[in-house]
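Engineer: The following comprises the amino acid sequence and a computationally predicted model.
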Amino acid sequence: MATIHLSSGLSAHTGGLEAIVIEAPRVRELMLELVARFPMLGGDTLRRMAVAIDGEIYHDADYLPLRSDSDVYLVPRITGG
């Protein structure tokens, strides 16, 4: 099962949980399960996040596979111009 690490901004919507273990084959299913457990994470909240899987940051990670021991971090996207 993957361990998802949440920033303090997101943990405010999870009752203070900063890490959650979820079994999911891909990032898309992981996000769907997060919203199912914590509906306040729905809408644009998770879409505004980049996903770091085992130390590598992705901006469009929906269909990336997860290993059972993956560490997933949800981090704010960096924007600039």
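Structural biologist: Nice, I can see it. Numbers count the residues shown, from 1 in each chain.

Engineer: what about the longest helix in the protein?
Structural biologist: In the chain, ranked by residue count with DSSP state H as the criterion, the top helix is helix 27-37.

Engineer: Show me how far stretch 9-29 is from its chain's centre.
Structural biologist: 6 Å (Cα atoms, centre = their mean, to the nearest Å).

Engineer: ok, residue 23 touching residue 4?
Structural biologist: No - using Cβ atoms under 8 Å, residue 23 is not in contact with residue 4; the gap is 11.2 Å. Quick note: C-beta positions are derived from backbone N, CA and C, even for glycine.

Engineer: And the helix or strand of the chain with the lowest mean pLDDT, what's buried?
Structural biologist: Of all helical and strand segments in the chain, the minimum by mean pLDDT, DSSP states H and E falls on helix 8-11, at a mean of 88. Neighbour-count burial for helix 8-11 flags 10-11 (criterion: 16 or more other Cβ atoms under 10 Å).

Engineer: Kindly report the same for stretch 66-79.
Structural biologist: In stretch 66-79, the ones that count as buried by 16+ other Cβ under 10 Å are 66, 70, 72-74.

Engineer: Assumed residue 50 was part of a strand.
Structural biologist: Yes - checked against DSSP: H, G, I helix; E, B strand; the rest coil, residue 50 lies within a strand.

Engineer: How about the contacts made by it?
Structural biologist: Under the criterion of Cβ atoms under 8 Å, 6 or more residues apart in numbering, the contact partners of residue 50 comprise 57-59, 61, 74-78.

Engineer: Having no further points to raise, I will conclude here.
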